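Enquirer: turn this into a model:
(2 chains)
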Amino acid sequence: MTSDTAVDQSSTHSGGGRPVIQRDRVVIRFAGDSGDGMQLTGDRFTSETAAFGNDLSTLPNFPAEIRAPAGTLPGVSSFQLHFANYDILTPGDRPDVLVAMNPAALKSNVIDLPAGGVLIVNTDEFTKRNLTKVGYETNPLEDGSLERFSVFPVAMATLTRGALEETGLSKKDAERAKNMFALGLLSWMYHRPHEGTERFLREKFARRPDLAEANILAFRAGHAYGETTESFAVTYEVAPAKLDVGTYRQITGNTALAYGIVAAGRLSGLSVFLGSYPITPASDILHELSKHKSFNVTTFQAEDEISGVGSALGAAFGGALGVTTTSGPGLALKSETIGLAVALELPMLVVDVQRGGPSTGLPTKTEQADLLQAMFGRNGEAPVPIVAPRSPADCFDATLEAVRIAVTYRTPVLLMSDGSLANGSEPWKVPDATTLESIDPQFATEPNAPNGSDEFWPYLRDDDTLARPWAIPGTPGLEHRIGGLEKADGRGSISYDPDNHDRMVRLRAAKISGISVPDLEVDDPTGDAELLVLGWGSTYGPIGAGARRVRGMGKKVAQAHLRNLNPLPANLGEVLSRYRTVLVPEMNLGQLSVLLRARYLVDVKSYTKVSGLPFKAEELQDLFLDYLNPHSIEPIRINGVHA
Amino acid sequence: MTAIDLGLPQLGGLDGVPTTDEKQTAKDFTSDQEVRWCPGCGDYAVLAAVRQFLPTLGIKRENTVFVSGIGCSSRFPYYLNTYGMHSIHGRAPAIATGLAVTRPDLSVWVVTGDGDALSIGGNHLIHALRRNVNLKILLFNNRIYGLTKGQYSPTSEEGKVTKSTPMGSVDHPFNPISLALGAEATFVGRALDSDRKGLTEVLGAAAAHRGTALVEIFQDCPIFNDGSFDVLRKGDEATERLIPVRHGEPIRFGPEAEDGLGSYAVVQDGFGLGVAKVAEVGADRVVVHDATDHNLAFALSRLSDQNLTHTVTGIFRNADRTTYDDAARAQVDEARRTRTADLQALLNGRDTWTVDG
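Expert: Below you'll find the model as predicted:
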């Protein structure tokens, strides 16, 4: 296995009169103003790369402001893409190539570019005024401060304008296509196919053929610029990756999650009802689902977060698959209704796409700090199953798993995605829809009273699952009333009986802790590692990449990743006891560690970082090495903090 | 953004709900739960009226659902042998919205109180009304918090001395009818708990209305706000305060005049309405009630102030407007009719590539 960091096995051959260098992996970052279309540019390069057959992983990074003042540091938006000829796990720590569309983008991103990195700069924006705006006293393109990089100054706006002279577009409109010029140039440099982008532009601007044509012209001009000027001495090739046999597509976490909801509706035969209030970074799930009404999906943009979850619960009472989507602040508002769903014992899917907190925090950045909110954030003893996807594509499977638990056990389930999964993308081996396992809602149809009468007892439980029957309105003879007041075990009428309450609290807890979840699998290639790195959610990629690097150095490290956070896998205690050191990296202040320590009395080592960005493979590599170094007593780190 | 004419037909409130030919009685709609309101509580009268009324709708009992929030009145669903949910404070309209949107075969009722609907749940109430979801909302207004033992509510009069306002409340109250009409409600009615006939008439029209129907029920809390509506119940004073309105009829009230109608009338007064003696202004100037006239309905609601002078009862507004749930279902139906639902095609998307062995 090649590691994410292995020194590039580069080779050179001559092609088209110019040398072509073979690379195993490349990281490109497009950075520009929020209005420069960097996310679109990155998306298009990603699509071309996916179509070419590389493995890939992406990290969009954009401000919460829709359009911060042009040319300022807060307005910088970037898109990083890692692609390779082997399977990769992360969007890459540092770019090999940085495309900077203005001084602000250069200033805020150049710090990540390693010495020798390729820097492509749109020189048109490097005016005195723009430089001053971001605090450059001298022009970095002229003062020698960029000497350690391989700098390519390109007057992108001027060149784009020139290419579009004949179109009759205004100067301003023509310049707006400069992102497509940049895309064309990079596509040439990395031998990307371009049919897809031209088709995409024609579709996107179907109503404005003049703009479609202008963007295509700009794209081609960038390509031609690379080919004809002498500036670029070489081009690069990254061969297709050797992935498993199958059909692939590129997918983001939010899209995969939305498809999981559609598929769960199909597999269960239930109509899907999404009640949701717009919130970053979860809104795209609402947008996506609103397009799939033909699958019997209803989307309801509620007046607030509480109505989002309330309407989903009402729909669940009526026999639909009730779903609500949100982020941390919204989850806080939904708490009381989730508690009601726990008491009602109705199936419901609650999706939390976590972002930086507390409060409004960092809406567009990623974090894992809602775990304890998900676990405990309700009044009373109100246990809720928690499922967390590990990668963008895994959001599909994790959603199916969450819905299966919700429907089988008649319980709200929390699905914990995060900002980096939501917007990040990777190739997805598309499943064969006919092989997906069905989900049986098993609606109640008959009276069930154990005394043989014609009564219906809404809280009479299944012996195996402890789930109560789901009897939906419209079913004759099963009329019943449920509610937030404590119910009598079995019969379901209101009960203030002390022993009954104690029994019901324990029954609800036992139902959740008894949910059948798969055993935790440990990736321990030699079987005798002494360090186990345990994570959950989106840290899977960086932990895996860090472990690969360390193993590439001949050292031993085991990796395991939790998908089920509540209940935890039955074998987890045994797994933890097998390793001398258990290290838990998290993008919070150690929330999983708290749970593990409390539950298993194990002295897990916590490594935490809450910067709004994913872990880097390199920092985790260094962290693992610290723990593997027998002379290191308690490693001290700068970026992260040890508990 | 573009707007699309949805072009949907008008339906009745119960269209789509399965009917039954079997004779149903109040007893059929009575659950086995012991009713636990305080003696003398107005809720008893309303419960009795509703149990009598539901069988007259001729719909299947199992297709009737009552959803409530929190408060004394919100115990209501437990006492009816239909499907029911006693939810959390203020959220019943949101929960009922999800149910009504997904289940057009159900008759969905919300039971709420002045604190539940107008304080903690105010947002859900106004949005349900503006969307015009096919829900029937019974707002039990006793102008006090009963279940929490006697604090002032958002409909309590200014200066009211309660447990939380020993020096008198400094809050200005809501006028629930004005609020509902301001929130674009298509059906707004009001009745007194003790007026079985008037209440049943409003409930019948509410059930027949397709869309959100808000019925405010003045209801007495004998423990914490005893006699709060007595001025509307007893004797001459009540006759001079109560203004029953009926669509298409002149609005006359008070002691009988020679023509057999009330000797007082509602008349135009500037941009609003006022009250005058018919003998002084003449029968021609009496306003004829038009329940489709939004402005008239609002002006009628402004005749009542917090002291209950000139209190209109009956149906203020009853107008047709496409319901949210019908429109939402029409979009889903159209998509299902005109587009494919091929799951594999969805998962594949437009750009796939194949890796061969």
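Enquirer: burial measure for A:Ala224, as a count.
Expert: Using other C-beta atoms under 10 Å in any protein chain shown, the number of residues around A:Ala224 comes to 16. Every C-beta, even on glycine, is put in place using the N, C-alpha and C of the backbone.
Enquirer: and it, what does it touch?
Expert: For A:Ala224, the contacting residues are A:Gly184, taking C-beta atoms under 8 Å, 6 or more residues apart in numbering or on different chains as the criterion.
Enquirer: so which bits of the helix or strand hosting it are buried?
Expert: A:Ala224 is part of helix A:209-228, with elements assigned from DSSP states H and E. Residues of helix A:209-228 classed as buried by neighbour count (16 or more other C-beta atoms under 10 Å in any protein chain shown): A:211-227.
Enquirer: who touches the residue in the stretch 151-300 of chain B that chain A sits nearest to in this structure?
Expert: Of all residues in the stretch 151-300 of chain B, B:Ala183 sits closest to chain A, with a separation of 11.2 Å (C-beta to the nearest C-beta). With contacts taken as C-beta under 8 Å, 6+ apart, B:Ala183 has the following neighbours: B:125-127, B:129-130.
Enquirer: again, 7 Å this time
Expert: Counting by C-beta atoms under 7 Å, 6 or more residues apart in numbering or on different chains, B:Ala183 touches B:126, B:129-130.
Enquirer: can you check B:His289 too?
Expert: Contact analysis of B:His289 by C-beta under 7 Å, 6+ apart lists B:245-249, B:251.
Enquirer: on that earlier part again, phi, psi for the residue of the stretch 151-300 of chain B closest to chain A please.
Expert: For B:Ala183, the backbone dihedrals are phi -90, psi 20 (criterion: degrees, to the nearest 10).
Enquirer: please apply the same query to A:Arg199.
Expert: Geometry field for A:Arg199 lists phi and psi as phi -70, psi -40, criterion degrees, to the nearest 10.
Enquirer: for stretch B:105-119, buried residues please.
Expert: For stretch B:105-119, burial by neighbour count (16+ other C-beta under 10 Å) applies to B:106-119.
Enquirer: just these: which are in helices?
Expert: With helices identified by DSSP state H, the entries of the buried residues of stretch B:105-119 that belong to them are B:114-115.
Enquirer: let me have the buried residues of stretch B:105-119 in a markdown table, extended by distance to B:Thr323 and pLDDT.
Expert: Putting these into a markdown table (distance: C-beta to C-beta, whole Å; pLDDT from 0 to 100) gives the following:
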| residue | distance to B:Thr323 | pLDDT |
| --- | --- | --- |
| B:Leu106 | 14 | 98 |
| B:Ser107 | 14 | 98 |
| B:Val108 | 12 | 98 |
| B:Trp109 | 15 | 98 |
| B:Val110 | 15 | 98 |
| B:Val111 | 20 | 98 |
| B:Thr112 | 19 | 98 |
| B:Gly113 | 25 | 97 |
| B:Asp114 | 25 | 97 |
| B:Gly115 | 27 | 97 |
| B:Asp116 | 23 | 97 |
| B:Ala117 | 20 | 98 |
| B:Leu118 | 23 | 98 |
| B:Ser119 | 26 | 98 |
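Enquirer: could you look up the SS state of whatever residue of the stretch 501-643 of chain A ends up closest to chain B?
Expert: Going by C-beta to the nearest C-beta, chain B is nearest to A:Met504 of the stretch 501-643 of chain A, at 15.9 Å. When classified by DSSP: H, G, I helix; E, B strand; the rest coil, A:Met504 comes out as helix.
Enquirer: ok, it - contacts?
Expert: Residues in contact with A:Met504 (C-beta under 7 Å, 6+ apart) are A:486-487, A:489.
Enquirer: how far away is it from B:Tyr83?
Expert: When C-beta to C-beta, to the nearest Å is the yardstick, A:Met504 and B:Tyr83 sit 22 Å from each other.
Enquirer: remind me which residues of chain B are low pLDDT?
Expert: Chain B contains residues with pLDDT under 70 at B:1, B:9, B:357.
Enquirer: list the beta-bridge partners for the residue most central in space within it.
Expert: Nearest to the geometric centre of chain B sits B:Leu214, at 1.8 Å (C-alpha atoms, centre = their mean). Here B:Leu214 shows beta-bridge partners B:Ile137, B:Val188, assigned using DSSP bridges.
Enquirer: check which helix or strand the residue in the stretch 101-250 of chain B positioned nearest to chain A maps to.
Expert: Closest approach between the stretch 101-250 of chain B and chain A, counting by C-beta to the nearest C-beta: B:His127, at 3.9 Å. Applying DSSP H and E as the criterion places B:His127 in helix B:122-131.
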